[in-house]
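**Student:** no sequence on this one, just coordinates:
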């Protein structure tokens, strides 16, 4: 087995979908490293975000990179940075997707809903025009932070909490959401070159099969008959990924590059 780690790109936090870590690949002999850890990068394009991750964690060439959902472009960018001249980094993508403007708007609205919660406040500010602001990502992130702070303050005020009592909770709450939306801004500005190495995409029952946006020339697709929330803990998905990783480990251990 290759000693090179498997890098995991899966944004942390609470969500209904299973996380890649729940796949428990360590039980199959693979050393896994979570790359997206706090504090998150503040870069506003995918290549720059990948560059921050690499520099901050002193990452070397991994056995492979596994990415979930919107982290797919980041996996491609990070693989390009970590590859050797003749040894591209294999990539595994679970339900990969891009972050077009409408997807970013949906996520922003979901964050606003979570920040405001069930609070009954006298004022609910209008939503930001995030689709327009995506053209100026630095301005967008700054505006989002101010917007979410104001909404959190209004929500707490509706329960009678004001002034210095709320500054700590507001910053703690808003910081998590700003990190997430900053990541999505970077994912939107992906500016990718096609992956050079083998790519395995493992997709749930209803996920679109078209991965043409990747531009991969060595792409294998495995569709698993499960819903998206169960994908990362599905036995068939795990088996496909373990088999792929074992195939990459053999030539990596022998120093012969990847196996087609």
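**Tutor:** Everything's here; your move. Quick caveat: nothing in here was measured; it's all calculated off a predicted structure.
**Student:** remind me which residues of the protein are low pLDDT?
**Tutor:** 1-3, 120-122, 164, 251-260 (pLDDT under 70).
**Student:** Got the domain ranges for it?
**Tutor:** 6-98+190-254, 101-185 (automatic domain parsing).
**Student:** how about residue 180, what does it touch?
**Tutor:** 11, 13, 107, 111 (Cβ atoms under 8 Å, 6 or more residues apart in numbering). No exception for glycine: its C-beta is placed from N, CA and C like everyone else's.
**Student:** Could you pull out the buried residues of the strand or helix carrying it?
**Tutor:** Assigned by DSSP states H and E, residue 180 falls within helix 164-188. Residues of helix 164-188 classed as buried by neighbour count (16 or more other Cβ atoms under 10 Å): 166, 170, 173-188.
**Student:** roughly how far out does the next helix or strand after it sit from the chain middle?
**Tutor:** Sequence order places strand 199-203 as the next helix or strand after helix 164-188, per DSSP H and E. Here strand 199-203 shows a centroid-to-chain-centroid distance of 15 Å under the convention Cα atoms, centre = their mean, to the nearest Å.
**Student:** same question, stretch 55-72
**Tutor:** On Cα atoms, centre = their mean, the centre of stretch 55-72 falls 10 Å from that of its chain.
**Student:** What of stretch 94-109?
**Tutor:** For stretch 94-109, the distance to the chain centre is 11 Å (Cα atoms, centre = their mean).
**Student:** how far away is the spatially most central residue of the chain from residue 232?
**Tutor:** Central residue of the chain (Cα atoms, centre = their mean): residue 71, 3.0 Å from the mean position. Going from residue 71 to residue 232 by Cβ to Cβ, to the nearest Å gives 13 Å.
**Student:** Could you do residue 20 as well?
**Tutor:** Taking Cβ to Cβ, one finds residue 20 at 5 Å from residue 232.
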